[in-house]
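sequence first, predicted model second:
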Amino acid sequence: TPSGPTGPVDSIWQTNSDGNWTTSGNWSSNNVPDSAGSIARFTGNTLAGVIVNGTPKTLGQLLITGTTSYNISSLAITMNNGTGGNAAISASGGATQTISSQIVTSSASNLDISTAGSGTKLVLAGNIDNTLGKAVSLTANTGSVISVNGGTNNNPGSMTATGDGTGTVLMTGTMNGTGNMVVSAGTFGGGGTIVGAVAASTGTQKIYPSATLTNPSANTTLTVGSLSTNANTTLSFNLVSPFVSPSTPSVADMIVVSNSGGLTLNGGHIQIANNATGAASLGYYRVLSYNGPVSGTGLSSLTIATTQPNIVYTLDFAHNPGFVDIHRGFAGDTNDDGTVNIFDFNDLASNWNHANVGWAGGDFNGDGTVNIFDFNDMAVNWNKSVGSNSPVDGGSSFDYAGMLSALGGSSVPEPTSLAFLGLGAVG
């Protein structure tokens with residue numbers, strides 16, 4: 001039976017074993033924290049996991065430190081810090097902490113949820129009931145993780161994913177309601193659904209669906225009502241296998257923007273987090289799905305960089321209408337079969353000096369036109385296969401002057417040293 005003061009208390013969980021929150025003997029000075037402004041501290045340092053259950057409670061702060069992994073369950077927790085500022089839930093110490101209970105915001109307080117320390121993970125397995133529309137911040141610092149597995153219930157308020165840039169906030173449940181997720185700093189990801197908007201703020205942020213998944217072949221779909229980016233945004237993806245046909249789509253991380261006209265792009269960078277290699281890795285990967293018009297400065301404001309020798313990543317907005325595709329290609333290989341040969345030259349020749357023909361037409365650098373720069377890319381890898389610097393047996397040599405002449409020539413001179421002949425293995 002609870003005992004002690006009826007007002008706010010600051011109490012420490014006293015046992016390293018399972019127990020009931022309501023039992024006074026489980027708390028320092030027999031004071032059960034259960035009122036606006038009360039503080040509940042969990043400070044254990046044993047390897048055993050501890051389950052804490054009970055009946056609904058009201059708290060101002062829930063603070064978990066140390067190396068004991070706690071699971072707080074079977075009770076709804078209303079976060080009300082009275083006149084003491086924002087209510088708070090925090091975890092540190094390097095362990096995984098789980099709150100299986102529903103978390104309910106109150107009219108008196110906004111809510112700050114934070115983690116700190118490498119190895120620290122806070123799993124919110126119960127949903128966050130933010131019917132009152134309070135501001136909720138999710139702050140992950142120093143390599144820690146906050147995972148909102150239970151989603152949110154009827155959330156008209158704003159949630160902010162932020163931190164010092166090294167932490168990760170995951171949404172693996174469903175964030176219902178009209179509220180937005182503002183990504184301010186660090187990494188935001190997960191395979192959940194956000195009915196409202198995901199909006200980039202002014203800090204440096206990354207949106208990575210498979211964030212924290214260590215398998216490089218992991219792929220996850222993050223679904224959002226709308227998405228906006230800016231120049232500080234990085235969209236990061238795992239690429240597993242390329243598109244073959246509508247019935248055999250690519251296997252890759254994807255962000256799905258479900259609202260018509262819900263995509264607003266004002267800059268941003270595409271990053272390849274993990275990828276397959278070899279000839280089977282070449283082709284198109286669907287990474288961003290949208291419908292309706294794109295607002296802001298548009299699709300062309302996204303950038304992508306080549307990350308491997310002679311492997312070229314380009315963005316394609318026409319190959320799969322309604323998708324932003326990443327094309328992974330071997331420079332000079334128009335048909336993505338892994339070898340640069342006469343078939344690729346014929347594709348390039350058919351589109352010489354043509355615009356907007358894409359990778360398959362010979363535009364290897366994505367500048368919109370098939371020209372001498374693309375021809376030089378082909379020369380670099382002529383008669384070579386991805387993953388090897390050795391010419392294919394029986395292949396023809398590259399007659400630079402003759403082949404260029406067949407195309408009608410160019411005012412741009414060929415490379416002065418043809419240093420490409422000394423490149424190492426690629427792909």
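Everything's here; your move.

rest of the way, CA atoms for contacts and neighbours
OK.

low pLDDT regions in this protein?
Along the chain, segments meeting pLDDT under 70 span 1-6, 47, 307, 389-390, 392-396, 409-427.

so where do the helices sit in it?
Taking DSSP state H, the helices of the chain run over residues 342-350, 372-380, 400-406.

TSV please, covering those and showing distance to Ile272.
As requested, these are arranged in TSV below (distance: least, C-alpha to C-alpha, whole Å):
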stretch	distance to Ile272
helix 342-350	26
helix 372-380	22
helix 400-406	33
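
format the ones you listed as a markdown table; extra columns: distance to Gly190 and mean neighbour count.
Putting these into a markdown table (distance: least, C-alpha to C-alpha, whole Å; neighbours: other C-alpha atoms under 10 Å) gives the following:
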| stretch | distance to Gly190 | mean neighbour count |
| --- | --- | --- |
| helix 342-350 | 39 | 18 |
| helix 372-380 | 38 | 21 |
| helix 400-406 | 49 | 12 |
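
which stretch among those comes nearest Thr223?
Of all those, the one in closest proximity to Thr223, counting by C-alpha to C-alpha, is helix 372-380 (36.6 Å).

how far does the closest one sit from its chain's centre?
Its chain's C-alpha centre and that of helix 372-380 lie 34 Å apart, by C-alpha atoms, centre = their mean, to the nearest Å.

other SSEs contacting that helix?
In terms of contacts (3 or more C-alpha pairs under 8 Å, 6 or more residues apart in numbering; DSSP states H and E), helix 372-380 is not packed against any helix or strand.

what angle separates it from helix 342-350?
For helix 372-380 against helix 342-350, the angle by axes from the mean of the first three to the mean of the last three C-alpha atoms, to 10 degrees is 170 degrees.

just the CA coordinates of helix 372-380, formatted as CSV?
Presented in CSV, the C-alpha positions along helix 372-380 are these (Å, rounded to 0.1, in the frame of the first residue of the first chain):
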residue,chain,number,x,y,z
ILE,A,372,32.6,13.4,-75.3
PHE,A,373,32.6,13.0,-71.6
ASP,A,374,30.4,9.9,-71.8
PHE,A,375,32.6,8.6,-74.7
ASN,A,376,35.6,9.0,-72.4
ASP,A,377,33.9,7.1,-69.6
MET,A,378,33.3,4.3,-72.1
ALA,A,379,37.0,4.4,-73.2
VAL,A,380,38.1,3.9,-69.6
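
coming back round to it: please name whichever of the helices of the chain is nearest to Val183.
helix 372-380 (38.2 Å).

re earlier: of all the helices of the chain, which one is nearest Tyr285?
Here helix 342-350 is closest among these (C-alpha to C-alpha), at 20.9 Å.

ok, and what's touching the closest one?
332-335, 360-363, 370, 375, 378, 407 (C-alpha atoms under 8 Å, 6 or more residues apart in numbering).

repeat that with 7 Å
If you take C-alpha atoms under 7 Å, 6 or more residues apart in numbering as the criterion, helix 342-350 is touched by 332-335, 361-362, 407.

which among those residues count as buried?
Among the contacts of helix 342-350, the ones that count as buried by 16 or more other C-alpha atoms under 10 Å are 332-335, 361-362, 407.

could you identify the most distant pair in the residues you listed?
Top of the distance list for those (C-alpha to C-alpha): Asn335 and Leu407, 19.5 Å.

which one of the helices of the chain lies closest to Thr306?
Using C-alpha to C-alpha, the helices of the chain put helix 372-380 closest to Thr306, at 13.3 Å.

tally of neighbours for Ala273?
Residues lying near Ala273 (other C-alpha atoms under 10 Å) number 15.

and Pro246, by the same measure?
So Pro246, with other C-alpha under 10 Å, has 8 neighbours.

residue contacts, it?
No contacts exist for Pro246 under C-alpha under 7 Å, 6+ apart.

gap between Gly163 and Ser69?
23 Å (C-alpha to C-alpha, to the nearest Å).

ok, now Gly408?
Note on Gly408: its distance to Ser69, by C-alpha to C-alpha, is 71 Å.

the two: which is more packed in?
Ser69 (28 against 11).

who touches the spatially closest residue to the more buried one that is not a sequence neighbour in this structure?
Spatial nearest neighbour of Ser69, excluding adjacent residues (C-alpha to C-alpha, 6 or more residues apart in numbering): Gly49 at 4.8 Å. Listed by C-alpha under 7 Å, 6+ apart, the contact partners of Gly49 are 68-70.

roughly how far apart are Gly49 and Thr43?
Gly49 is 12 Å from Thr43, by C-alpha to C-alpha.

how about Asp10: what's its closest non-neighbour residue?
In space, Asp10 is closest to Ile39, 4.6 Å off (C-alpha to C-alpha, 6+ apart).
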